[in-house]
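# Give the three-dimensional model of this entry:
(2 chains)
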Amino acid sequence: MDLHTVGALHRPTDRAGLDALLGPGSAVLAGGTWLFSEPQPHLAALVDLTGLGWPSLVTGSDGALTISATCTLAELAAAGPALFRTCCRALAGSFKIWHTATVGGNVCLALPAGPMTSLCAALDGVAELWGPGGSVRRVPVARFVTGVRTTDLRPGEVLRSVRLPAAALAAPTAFRRAALTAQGRSGAVVIGRRDPDGGLVLTVTAATERPFRFAFAAPPREAELSAALATVERWYDDPHGAPDWRAHVTGRLAAEVVDELA
Amino acid sequence: MIEIDGVPADRDPRPGQCLRTFVREQGHSAVKKGCDSGDCGACSVLVDGTPVHSCVYPAARADGRSVTTAAGLGTPDDLHPVQRRFVDAGGFQCGFCTAGLVVTAAALDAERPDGLGDPDGADLGHLLKGNLCRCTGYRSVADALAGGVNTEKDGAAPGRSLPAPAGVRVVTGREPYTLDEPPPGVLHLSVLRSPHAHARIRSIDTAAARALPGVHLVLTHADVPRVHYSTGRHENRHDDPDDTLMLDAMVRHVGQRVAAVVADSVAAAERACRAIVVDYEVLPAVLDPLAALAPGAPLLHADKDRAAGIADPGANLVAELHGGVGDVEAGLRAAAEVVEGTWTTQRVSHGQLETHGTVAWLDEGDRLVVRTSTQVPFLVRRELARVLGLDHARLRVLTARVGGGFGGKQEMLTEDLVALAVLRLRRPVQWEITRTESLTALPCRHPMRVGVRVGATADGVLTALAVDVLSDAGAYGNHSVGVLFHGCHESVGLYRCPNKRVDARAAYTNNVPSGAFRGYGLGQVMFGIECALDELARRLGIDPFDLRARNVVVPGDPIVAAHGPDPDDDLTYGSYGLDQCLDMARAAVRAGDDVPAPRGPEWRVGEGMAAAMIATVPPRGHLAEASVTLEPDGRYAVRVGTAEFGNGTSTVHTQLVATALATEPDRVRLWQSDTDAVGHDTGAFGSAGSVVAGKAVHAAALALRELIARRAPGELGPLGVQSGAGFVPLTAIAGPDGLTARATHDGTPRSVAFNVHAVRVAVHVGTGEVRFLRSVHAADAGTVLNPEQLRGQIEGGVAQALGTALFEELLVDEHGAVTTGVLRNYHLPQFADVPRTEVLLAATSDRLGPYGAKSMSEAPYNPVAPAVANAVRAAIGVRPHALPMTADRVWRLAAGGQHSR
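Okay, here's the model as predicted:
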């Protein structure tokens, strides 16, 4: 929809230009698929990140993958391991949305069901945050998303990229998702990762208000898994599933993930 | 520079503009607004060949790129292959979603060299989740993608699947809907809505709003006529209580209109709305209908009296119905088995892809012309004239093709403010409702609590049937009387039982108003009755099909609900096919599953069914006038008042005229849904398009044939009359003035139609997931005029009802605000949600309908939710009592818990 109060669309081409434009009344524009989907009467300006020319996907010499915030879901789905595409498919939006929606936008939106949060948290993604004056801060994505629509992003900061370490990328993973309808927004997403040291990392999203990450030295037994999930203080409540159901199906999905990876 | 369908745009977009509005402002109206939030796909376009939702695509980003809409893919004379497939398959109904579907399908074709030839392609559910269709149920869409041909090019005779006349225009994005042809200089209206469920407006300060640039008019309750009316429209205006003002100093629900602004742009109008300062005195609100009827409850309409058409304004009682026959208590005592229970239904949004909208202007003769998305243009004119104090002659109301109705446009929700603004400003004004307004502030389906008591003898003969219904009218009484009465009529009347009792009340609450919605109350009450009967059959050890067969009315039986047999009742058995429907549905649902039952110890399988009856025409008068003219050029022009909103009446009317006059469909032109076309038409509701307006059209066509025969006896053909004396061309018969015949139909007597739905489901007791293994629907529609369209109506009704059954719900918070304000949170059935339903048709011919046809628009909806609930009960051993049966609720039932939401 039209953002009627937006009177300026800036497209900085370097970091200094970006810094100068961020502030109250302005919002960062990546894909725009969420920004343009709801009224934003508090906004006077948009700052388009796509002019900064960030390469979408860069594999480092250490095998880590750096996903720029402006990388589209379509680019991501075409690029990496099967889990990338599986997570893209968990987006409530259609494949047409993939062409414009970005990884950074989805993470910064901080919806419990944000599938890029699920993916990046599950693969030990570390967010690189650009602050004013050239400062850089790094935060694990699992901690970057702090609640429903809240993040650790500070005023003047922009999510530059998410770096997925090579080890996590190489590890076997398992994905399970529950939703009230076949293609509707996720009610629970559980991703498991089996590390070479025998450890198993479970990440719960969609069912909870923020990502929950549980690291086990070995595939957990039932009681151990239940005890871990019992630490979730509050299960999310919205039209896409009742909290008791979310808690229950998360337990089921987690057990399935553990079984698959054991 | 942006290029759209090969044409360079003449300006740059605004900074915050999305591509959808930019493309439309450039005159390319193939791009529709269904949601404006990236969920429905009606606005899909290609940007340099890549498919995107243009409503969430920043327009500026299309700079230097080429945008292709459905209109750019092909033209009526040179269809894109995908467009051809949608026409051939009949892959649309209202067509509002179709241009977006066509663009998406074309992109998929391009991305997948194998095309979409495999309708079982596992990915279609995923690929099409961003393209919502509210009409078809997606089967015909799947056929279109697979290249299936369901329409017949040759022959318009009843029984042939003539394609919709508008088909090539719809698939190429050229069919103009309500707001697709804005007049030059049109101004935009926007409203400020109440944040409170119940409040008195102490004051409104509009000075700042009026002072803003681009603002032409601000209207508050002080500026509108003090004429009470109802937004609900009927032939008899006293059917609905006069409890509504255009703008009121009292607000009775969150989202009620408080003030309206007319400005140069939507942006300016919304800015001015934000600048209006309202001082509210917040009043106690009541959101529960039972609490609303209790003594001491806050009263919503105590300022009105019974003359307003409210049963008891001093008790929040909009309407009540109490009556019966025999002695229910004695009948229950005599029963071998008695079932008692209470079933509840939820708020459901119509979800027409085209939201409500109106554009109006003054014509050269200073007449107010109102083009609006309505099912009832004549009834809107009547009430607009009354509210605004205008003579009918000063008012023309018309609608173009309507992008979906389902009863939601049997209301006057936007026309009043737009018309008043045009009269004040003497400039064209338009108002397009947003999807969020549609979901949170416009009428929805009445939520009901349906208490049922039913008893039967050991061999399954009913001894008593009683219902106790409580309907939540919301803040205004539009349709609440009719929905209550109708809901309790054919549902109870379907069964032969000596002892019946109906107690029904509709209560005002401070919720969003409820209104007319497909089935008009029957779906809610039948959910209770058909579930109770299923339980009765279960306890008696009788097949539920047999229980129905043993107790349903048959020709000769009076149709009895709250009142005993009425000799003056015009409802009659014009035909009867329920016996066939029961037999066909039973055989079909047990003929083997379409989808194999999933393996695993936690999957449980169950079968369920339900039956339904519906009158083919609304009671107490439904009028239609029509004329057919042999034009001087030898072609036929049909004038008819009813509206086309995907129900297919245009196709049927064309078929009736072409057949009666032995001509080809392309020689028949329709002029419809315009108060200038005919004198009167009650409108396109109550499934009346074929059996009332169609009757009038057919009679006019037959009368014209008589007139032609009088001028030129012989054998009538498409071009003229052949006789022994030679060939007389139609142009000669028509003469310079043409030749016109007129006819009317008054909607009486009325017949009954029947539907039986049956499903087999698999339910996962560990997650609550419900999967369909088999879905069958048997319908008694009389003679089938257009098999493909009929099938589409039935499938669409089933799909809409599956949404009601399984997941659709407008959620309301503790302050009375609807929280499901976007389609991401109000889940309409997607491609992946709707199973194939086998449609079975009874072989009957109705003595009342045209060519023996009966209506079949609302009816398929009604038995579906109880059939699914009964199947879930059979599967998990616990009976659902509340809709929707979302997975979380079904899981909780299976786990033995209670509903908590």
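
# Show me where chain A has its strands.
For chain A, strands defined by DSSP state E occupy the ranges A:8-10, A:26-29, A:45-48, A:57-59, A:65-68, A:126-130, A:136-140, A:145-147, A:150-151, A:158-164, A:173-179, A:186-194, A:200-205, A:212-216.

# how about the CA coordinates for the third one, as CSV?
It stands for strand A:45-48. Once non-C-alpha atoms are left out, strand A:45-48 reads as follows in CSV (Å, rounded to 0.1, in the frame of the first residue of the first chain):
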residue,chain,number,x,y,z
ALA,A,45,11.4,9.1,4.9
LEU,A,46,12.7,5.8,3.6
VAL,A,47,16.4,4.9,3.4
ASP,A,48,16.9,2.4,0.7
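
# which residue sits closest to residue A:75, ignoring its sequence neighbours?
residue A:56 (4.8 Å; CB to CB, 6 or more residues apart in numbering or on different chains). Quick note: C-beta positions are derived from backbone N, CA and C, even for glycine.

# Kindly provide the distance from the one you found to residue A:139.
Applying CB to CB, to the nearest Å, the value for residue A:56 to residue A:139 is 21 Å.

# got a list of what the residue in the stretch 151-300 of chain B positioned nearest to chain A touches?
Scanning the stretch 151-300 of chain B for the residue nearest chain A gives residue B:267, at 3.5 Å (criterion: CB to the nearest CB). Going by CB atoms under 8 Å, 6 or more residues apart in numbering or on different chains, residue B:267 touches A:2, A:4, A:5.

# next one: phi and psi at the last one?
Read that as residue A:5. Torsion angles at residue A:5 (phi, psi; degrees, to the nearest 10) stand at phi -90, psi -10.

# Am I right that it is in contact with residue A:44?
Yes: under the criterion of CB atoms under 8 Å, residue A:5 makes contact with residue A:44 at 6.0 Å.

# And stretch B:654-674, end to end?
Start and end residues of stretch B:654-674 are separated by 17 Å (CA to CA, to the nearest Å).

# Check the offset of that stretch from the chain's centre.
Computed by CA atoms, centre = their mean, to the nearest Å, the chain-centroid distance of stretch B:654-674 equals 25 Å.

# Could you do stretch A:112-119 as well?
With CA atoms, centre = their mean, you get 4 Å for stretch A:112-119.

# any idea how far chain A is from residue B:708?
Distance of residue B:708 to chain A, given as CB to the nearest CB, to the nearest Å: 53 Å.

# Near the residue nearest to residue A:37 when sequence neighbours are not counted, how many other residues are there?
Spatial nearest neighbour of residue A:37, chain neighbours left out: residue B:37 (4.0 Å); criterion: CB to CB, 6+ apart. Around residue B:37 there are 25 other residues, counting by other CB atoms under 10 Å in any protein chain shown.

# Doesn't residue B:37 lie inside a strand?
No: Residue B:37 sits outside any strand when classified using DSSP: H, G, I helix; E, B strand; the rest coil, being coil.

# which residues does it contact?
A:1, A:37, A:38, B:55, B:56, B:435, B:822, B:823, B:824.

# Wait, the second one touches residue B:58, no?
No: under the criterion of CB under 8 Å, residue A:37 makes no contact with residue B:58, lying 11.8 Å away.

# so what are the domain limits for the chain?
Unless you meant another one, I'm taking chain A. A:8-52, A:57-167, A:171-261 (automatic domain parsing).

# Chain B, not that one
B:3-171, B:187-285+B:365-440, B:582-601+B:753-901, B:624-745.

# Flag every buried residue along stretch B:576-590.
Neighbour counts using 16 or more other CB atoms under 10 Å in any protein chain shown place B:576, B:577, B:578, B:580, B:581, B:582, B:583, B:584, B:585, B:586, B:588, B:589 of stretch B:576-590 among the buried residues.

# Just give me the closest of those to chain A.
residue B:589 (22.3 Å).

# tell me the contacts of that closest one?
B:607, B:609, B:758, B:759, B:760, B:774, B:776.

# Quick check: residue B:824 vs residue B:706, distance?
57 Å.

# Neighbour count for the two, which is higher?
residue B:824 (21 against 9).

# who in the stretch 101-250 of chain A is up against chain B?
With CB under 8 Å from any CB of the partner chain as the criterion, the stretch 101-250 of chain A meets chain B at residues A:178, A:180-185, A:187, A:238-242, A:244-246, A:248-249.

# Give me the subset of those lying in helices.
Per DSSP state H, helices hold the following members of these: A:244, A:245, A:246, A:248, A:249.

# what's near enough to touch the residue of chain A found nearest chain B?
Residue nearest to chain B within chain A: residue A:94 (2.3 Å; CB to the nearest CB). Counting by CB under 8 Å, 6+ apart, residue A:94 makes contact with B:41, B:53, B:127, B:128, B:129, B:130, B:131.

# quick one: the first one and residue B:99 touch, right?
This points to residue B:41. No: using CB under 8 Å as the test, residue B:41 is too far from residue B:99 to be in contact (9.8 Å).

# okay, the two: which has more neighbours?
residue B:99 (31 against 28).

# Quick one: residues contacting residue B:153.
With CB under 8 Å, 6+ apart, residue B:153 has these contacts: residue B:163.

# repeat that with 10 Å
B:87, B:88, B:160, B:161, B:162, B:163, B:665 (CB atoms under 10 Å, 6 or more residues apart in numbering or on different chains).
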